[in-house]
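Undergrad: Quick one, structure for this:
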Amino acid sequence: MQRQRNVKIVATLGPSSSTYETIRALHEAGADVFRLNMSHGSHDEIAERHKIIRQVEKDLDSPIAILADLQGPKLRVGAFAEGPQELEEGAQFRLDLDEAPGDITRVQLPHREIFAALEPGATLLVNDGKIRLKVEDCGADFADCIVVTGGTISDRKGVNVPDVVLPLAALSEKDRNDLEFVCQLGVDWLALSFVQRAKDVYDARQLADGRAAILSKIEKPAAVKAFEEILDASDGIMVARGDLGVELPVQNVPPIQKRLVRKCRAAAKPVIVATQMLESMIESPMPTRAEVSDVATAIYEGTDAIMLSAESAAGDYPIEAVTTMDNVAREVESDPTYREIIEASRTAHRASVADGIVAAAREIAETTDIVAICCFTQSGTTASLVARERPRVPIVAMTSQRGTARRLALLWGTNTFMTPELERFKQAVVNAARAARSIGLAREQDQIVVTAGVPFNVPGSTNILRVAPCDERLIYNTDPE
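TA: Got it, this is the predicted structure:
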């Protein structure tokens, strides 16, 4: 399904979007990737949504990426004996391992590893940062704190520890079970929550064993500091601004978002900007102007994808939210300023033959009457390199691998097209011309750029570029065997 935009849309599925009719409508409205949030829903519910997505994909003959988002280690306080308590600024409050119900002076924090890592002066944030505690004294089983910012604390509220790299694996026992379950289902991307270091990514990659690509969520200050290593270890990145905005001053998040997006673009790895993009559309059919501006900013930065969370999973207007994102994207990408910003932020890469081929493809397309760049790719690497160039013409990624076609649905400007395995370059050119025509990107009188690797079906071997007509009669008359 060819979109009239380059940026991709990720829509989270949930109670508001769990039927065939709704999921199909979401895809037709503009959702390119569906996110399955493993924090919510049973395995049976996840499996049913996965089944429906694949049925929609088959019915519409349109590759769809499925992203399973693992919950990660959730840090929460225990329960209170007499319900919610109001903590006042300047009061003393203790966190400990005691299982007894809490009160106005203390509550259980059932995570021994946190106490092992804490030091006096560290900050603890409770209930999405609404309550701020400063550690004055701590030991192996307690932390005595002073309340810096007061508020209401109640059962099972989340705790963030922004100042400390915690000795916690990014994958809990639940995550390991969920990972194996969704890999057996056949998801395309795995999102890792609360990544702190590259080792977290390598651990998940070992468990996935090539069955899904790994996308790291950047939502902790430690991940921002170790971003270069995490990016190198990952197949993609999600800038998850929710927890990042809790653990860091909110004014720090926009420049971090901009830097991370640029680094992902330079590395030719897809990046998603996520969290609260159209939050008001959970209950309203119209977004706020600030939300529209937020979505537009991410698109101007050149992000590969923008994401809906509760808006499509639990909101009253899931289809309208996707439609709004699609409309904003089309409008932004038609703005001449958009191309100026994208091209000004492009980074030159000439480290390999493949880098040179894709750069030449873009330059040819931008200086002649080329209508599309068609690339043959087995692993998806060539398509990622072409997308890094952010060309002015559409990208057609040709692959014989269904899994590759699905994963590329997350990639900026890429239209995926299934093709049989090829043995001769002439077949590649003919198939590229047919694909460009079939999805309405070209007519017989048009020309396309074709990139491929010879010999075929060898990942990472892009070494040839051809400007070709879309008229098959001319291809057969001019192309060598």
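
Undergrad: V328 contacts V295, doesn't it?
TA: Yes: checked against C-beta atoms under 8 Å, the pair V328 and V295 is within contact range at 5.0 Å. Heads up, the C-betas are built off the backbone N, CA and C, glycines and all.

Undergrad: any weak-confidence spans in this protein?
TA: Regions of the chain meeting the criterion pLDDT under 70 cover residues 457, 459-460, 478-481.

Undergrad: could you point out the longest helix in it?
TA: Secondary structure assigned by DSSP state H gives helix 43-60 as the longest helix of the chain.

Undergrad: helices or strands up against whatever helix or strand comes next after that helix?
TA: The element immediately downstream of helix 43-60 (helix or strand, assigned by DSSP states H and E) is strand 65-69. Judged by 3 or more C-beta pairs under 8 Å, 6 or more residues apart in numbering; DSSP states H and E, the packing partners of strand 65-69 are strand 33-37, helix 43-60, helix 173-185, strand 189-192, helix 402-407.

Undergrad: what comes into contact with strand 65-69?
TA: Contacts made with strand 65-69 from outside it, assessed by C-beta atoms under 8 Å, 6 or more residues apart in numbering, are listed as 10, 12, 32-39, 46, 50, 53, 178-179, 182, 186-191, 193, 212, 215, 217, 406-410.

Undergrad: Now a ChimeraX select for only the buried ones of the residues you listed.
TA: To isolate the buried subset of those in ChimeraX, counting by 16 or more other C-beta atoms under 10 Å, use the following:
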select :10,12,32,33,34,35,36,37,38,46,50,53,178,179,182,187,188,189,190,191,193,212,215,217,406,407,408,409,410
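
Undergrad: Quick check: which element contains the residue at minimal distance from the centre of the chain?
TA: The chain has I272 as the residue nearest its centroid, 3.7 Å off, counting by C-alpha atoms, centre = their mean. Using DSSP H and E, I272 maps to strand 271-274.

Undergrad: Restrict that strand to CA atoms and write it as PDB.
TA: What follows is strand 271-274 as a C-alpha-only set of coordinates in PDB (Å, rounded to 0.1, in the frame of the first residue of the first chain):
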ATOM      1  CA  VAL A 271      14.300   5.600  14.700                       C
ATOM      2  CA  ILE A 272      10.800   6.100  16.200                       C
ATOM      3  CA  VAL A 273       9.800   9.200  18.200                       C
ATOM      4  CA  ALA A 274       7.200   8.100  20.700                       C
END
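
Undergrad: Ramachandran coordinates for T12?
TA: Dihedral pair for T12: phi -80, psi 140, per degrees, to the nearest 10.

Undergrad: right, and it touches S309 too?
TA: Yes: using C-beta under 8 Å, T12 makes contact with S309 at a distance of 5.0 Å.

Undergrad: Now the common contact residues for the two.
TA: Shared contacts of T12 and S309, defined by C-beta under 8 Å, 6+ apart, comprise R35, N37.

Undergrad: Just put the helices and strands packed on strand 65-69 in a markdown table and tack on distance to D369.
TA: Formatted as a markdown table, the helices and strands packed on strand 65-69 follow (distance: least, C-beta to C-beta, whole Å):
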| stretch | distance to D369 |
| --- | --- |
| strand 33-37 | 32 |
| helix 43-60 | 31 |
| helix 173-185 | 45 |
| strand 189-192 | 36 |
| helix 402-407 | 28 |
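
Undergrad: returning to what we had before: what packs against the strand holding I272?
TA: By 3+ C-beta pairs under 8 Å, 6+ apart, strand 271-274 packs against strand 236-240, helix 241-247, helix 253-266, strand 305-308.

Undergrad: Going along the chain, name the strands of the stretch 51-200 of the chain.
TA: 65-69, 85-87, 92-96, 106-108, 123-126, 131-139, 142-149, 151-153, 159-160, 189-192 (DSSP state E, counting those that start in this stretch).

Undergrad: what lines up beside the shortest one in the sheet?
TA: What that stands for is strand 159-160. When sheet partners are counted by DSSP bridges, strand 159-160 sits next to strand 123-126 (antiparallel).

Undergrad: which residues does E119 contact?
TA: E119 sits next to V135, C138, V164 when contact means C-beta under 8 Å, 6+ apart.

Undergrad: Name the member of those residues with the shortest distance to P120.
TA: Lowest distance from P120 to the contacts of E119 (C-beta to C-beta) belongs to V135, with 5.6 Å.

Undergrad: do you know how far that closest one is from M281?
TA: In this structure, V135 and M281 are separated by 39 Å, where distance is defined by C-beta to C-beta, to the nearest Å.

Undergrad: The two: which has the busier surroundings?
TA: More neighbours sit around M281 than around the other of V135 and M281, counting by other C-beta atoms under 10 Å; the figures are 25 against 21.

Undergrad: Looks to me like that one is in a helix.
TA: Yes: when DSSP: H, G, I helix; E, B strand; the rest coil is applied, M281 is found to be in a helix.

Undergrad: What about the residue nearest to D243 when sequence neighbours are not counted, how many residues nearby?
TA: The spatial neighbour of D243 that comes closest, neighbours along the chain excluded (C-beta to C-beta, 6 or more residues apart in numbering), is E219 at 3.9 Å. Under the neighbour criterion other C-beta under 10 Å, E219 is assigned a count of 26.

Undergrad: ditto for the one 10 residues further on
TA: By other C-beta under 10 Å, the residues close to E229 number 14.

Undergrad: Is it correct that it falls within a strand?
TA: No: the assignment for E229, made by three-state DSSP, is helix rather than a strand.

Undergrad: how near is the closest residue in space to it that isn't next to it in sequence to E283?
TA: Leaving out its chain neighbours, the residue that sits closest to E229 by C-beta to C-beta, 6+ apart is A198, at 4.0 Å. Using C-beta to C-beta, one obtains 40 Å as the distance from A198 to E283.

Undergrad: for K134, same thing?
TA: Counting by C-beta to C-beta, the separation of K134 from E283 is 36 Å.

Undergrad: More neighbours: those two, which one.
TA: In this view K134 and E283 are compared by other C-beta under 10 Å, and K134 has more residues nearby, 16 against 10.

Undergrad: Tell me which residues touch that one, please.
TA: By C-beta under 8 Å, 6+ apart, the residues touching K134 are G121, A122, T123, L124, C145, I146, V148.

Undergrad: Spatially nearest residue to the fourth one (excluding sequence neighbours)?
TA: What that stands for is L124. The spatially closest residue to L124, leaving aside those adjacent along the chain, is L133, at 4.3 Å (C-beta to C-beta, 6+ apart).

Undergrad: Ok, the fifth one next?
TA: Beyond its immediate neighbours in the sequence, the residue positioned closest to C145 (C-beta to C-beta, 6+ apart) is L133, lying 3.9 Å away.

Undergrad: ok, now L260?
TA: Here the residue nearest L260, using C-beta to C-beta, 6+ apart, is V239, at 5.3 Å.

Undergrad: Tell me how many other residues crowd the closest residue to V159 other than its chain neighbours.
TA: Using C-beta to C-beta, 6+ apart and skipping the chain neighbours, the partner closest in space to V159 is L75 (4.4 Å). L75 sits with 20 neighbouring residues when counted by other C-beta under 10 Å.

Undergrad: How about the contacts made by L75?
TA: When the contact criterion is C-beta under 8 Å, 6+ apart, the partners of L75 are L109, H111, I114, G158, V159, N160, V161.

Undergrad: Just the buried residues out of these, in PyMOL syntax.
TA: Of these, the buried ones go into a single PyMOL selection, burial set by 16+ other C-beta under 10 Å:
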select buried, resi 109+111+114+159+160+161
